[in-house]
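Trainee: based on what follows, work out the 3D shape:
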Amino acid sequence: MPHTSHETDVLIIGSGAAGLTAALNLADRFKVTVLAKGGLNEGSTAWAQGGIAAVLEEGDTFESHIEDTMIAGAGLNDRATVEFVVERAPAAIARLEELGVPFATEGNALHLTREGGHSHRRIVHVADATGWAVQEALQRAATDHPNITLVPDMVAIDLATGKHEERYSGAGHVWGVYAVNRATGRVELYTARATILATGGAGRTYLFSTAPRGATGDGIAMAWRAGCRVSNMEMMQFHPTCLYNLDVKNFLITEAVRGEGGHLLIPDTGYRFMPDFDDRLELAPRDVVARAIDHEIKRLGLDYVHLDISHKGEAFIREHFPNIYEKLLGLGIDMTKDPIPVVPAQHYTCGGIVIDLDGRTDLPGLYAAGECSESGLHGANRLASNSLLECFVFGEACAAHITEHWDELPAPPPIRPWDESRVSDSDEEVVIKQNWTEIRRFMWNYVGIVRTTKRLERAQHRIRLLTEEVNDYYGHFRVTPDLIELRNLLQTAELIVRSALARHESRGLHYTLDYPEMLAEARDTVLVP
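Mentor: Numbering: from 1, shown residues only. Prediction:
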């Protein structure tokens, strides 16, 4: 087979908010190629129901948004990063309006909603489907730009670095990526002067997750294998309210249902339990609400709890939550009359690849933005609606740094083609499915909302055994998208467990029965390859 290789100025892996923002900010000067693992709109951005946080209300201040972010993050945030992002939020919203995102308005101003942990109304939104509208606008602009090439169905395997140069180099420079073309099953090489990872989170490491099917920690695992540090991987956010329905894959019931007055109740008795846990009731930060629900489910042996907003009346509910109302109605639940069965689910990866304020990683030529990165914005728990915001601010920061330093970025040297000479096609897809299910189940049971050292060690033991199996499999068979994802899931799970074992305290999202107290000093868990 002839080897297929493509060269571009800047390569972006991921076609969500972070990747497309970076692409649009680079494309007036450079040729940009954007690789998507599946369809262009299949990432997390399109699923973001909530909105984007920004200081826009009379009387609200940057200082207040910064404080709310630091409090939610349990002091683990980097204050300079939080200031950097919060101060750039209003401008990011304005640019999205220019791109045609139809944000909800009231009179001649944007309609702002409030979510848990925020001291003001500061969430701009498009009803309850903000992410979809943002994705559409960004994708439309990218499709229309002559300098942007969008390539769907390319599954990245590994970064091409100095070790893959025809003249081997140990410098760790990143020159692009090897990726499997889903249509042909062949590995192609994409090279560029700069590469941006915008690959999203690692939610599919868990059994219950609101993340899309492709959120398998690919960027984090690839960056780690190439030599980047990762940080705070134990900080996995669980969304308190995911629809409990075994036929429907992971439907999220937005935080705004609680923000607008929904109550959490014990199913049989209708008892409202949040007053037993926190003065802020249903509007306490996500980690508190998720632990309270987890506590009641385990204590009473329930499958789910109820979220009830029916007391607000039909007109109010249908106006505020049109998509959720329709979706639930199709499943036989009328949220204007009935409570909604909910369970917590993995929702957001707060940790990731260590980056600076320019989006630079530890490796020359490699940048990262969005959920795959750890910039210091979220600390030990992400504040609601700061996630899309991070994508816009860091997508732009990566683009700005690449543009300013273009002359210092060397052109890629000759890179060796992918070697497939010693592998055969696998006849054992069942191995992949079995291992995938096993990882997600033990991660949910042992590395979930409430942890213990013993549970974490059990998970670590399982990961060691599976890693041997997968590495052996990887060495003998031709790579497939499923095998690549399994390898990345396992690598990510290992990083999560290793980080969790290293943190001897309970802080934010990391809650362990063996170390229930919070230490006086907040320190990042940084893993070095």
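Trainee: ok, S169 - how many residues close by?
Mentor: A count of neighbours around S169, defined by other C-beta atoms under 10 Å, yields 14. For every residue, glycine as well, the C-beta is placed using N, CA and C.
Trainee: mind jotting down where the helices sit in this protein?
Mentor: All helices of the chain, identified by DSSP state H, fall at 17-26, 62-72, 79-98, 130-144, 218-226, 256-259, 286-300, 314-320, 322-330, 387-404, 429-446, 453-476, 481-502.
Trainee: among these, show me which one is buried the most.
Mentor: Stretch with highest mean neighbour count among the helices of the chain: helix 17-26 (a mean of 30; mean count of other C-beta atoms under 10 Å).
Trainee: how far off centre is that one?
Mentor: Computed by C-alpha atoms, centre = their mean, to the nearest Å, the chain-centroid distance of helix 17-26 equals 16 Å.
Trainee: what is that helix packed up against?
Mentor: Helices and strands touching helix 17-26, by 3 or more C-beta pairs under 8 Å, 6 or more residues apart in numbering; DSSP states H and E, are strand 10-13, strand 32-35, helix 130-144, strand 194-197, helix 387-404.
Trainee: okay, those in CSV with distance to N181 next?
Mentor: As requested, the helices and strands packed on helix 17-26 are exported to CSV (distance: least, C-beta to C-beta, whole Å):
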stretch, distance to N181
strand 10-13, 14
strand 32-35, 10
helix 130-144, 20
strand 194-197, 18
helix 387-404, 25
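Trainee: want to throw these into JSON lines with mean pLDDT and distance to R487?
Mentor: Below are these laid out as JSON lines (pLDDT from 0 to 100; distance: least, C-beta to C-beta, whole Å):
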{"stretch": "strand 10-13", "mean pLDDT": "98", "distance to R487": "16"}
{"stretch": "strand 32-35", "mean pLDDT": "98", "distance to R487": "18"}
{"stretch": "helix 130-144", "mean pLDDT": "95", "distance to R487": "28"}
{"stretch": "strand 194-197", "mean pLDDT": "98", "distance to R487": "17"}
{"stretch": "helix 387-404", "mean pLDDT": "97", "distance to R487": "26"}
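Trainee: report the central residue of this protein.
Mentor: The structure's the chain has its C-alpha centroid closest to G201; by C-alpha atoms, centre = their mean the separation is 3.2 Å.
Trainee: and for the residue lying closest to it once chain neighbours are set aside, the neighbour number?
Mentor: Nearest residue to G201 in three dimensions, chain neighbours excluded: T349, at 3.4 Å (C-beta to C-beta, 6 or more residues apart in numbering). Using other C-beta under 10 Å, T349 has 30 neighbouring residues.
Trainee: okay, and the beta partners of T349?
Mentor: M236 (DSSP bridges).
Trainee: need the contact list for Q237.
Mentor: Contact analysis of Q237 by C-beta atoms under 8 Å, 6 or more residues apart in numbering lists R286, D287, Q346, H347, Y348, T349, C350, N381, R382, L509.
Trainee: lowest-pLDDT helix or strand in this protein?
Mentor: Between all helices and strands in the chain, the lowest mean by mean pLDDT, DSSP states H and E belongs to helix 256-259, at a mean of 86.
Trainee: identify the residues contacting that helix?
Mentor: By C-beta under 8 Å, 6+ apart, the list of residues contacting helix 256-259 from outside reads 49-50, 113-116, 123, 125, 128, 241, 264, 282-283, 289, 307, 309, 320-321, 324, 340.
Trainee: kindly recompute the last result at 7 Å.
Mentor: Applying C-beta atoms under 7 Å, 6 or more residues apart in numbering, the contact partners of helix 256-259 are G50, T113, R114, E115, G116, D128, E282, L283, L307, I309, F321.
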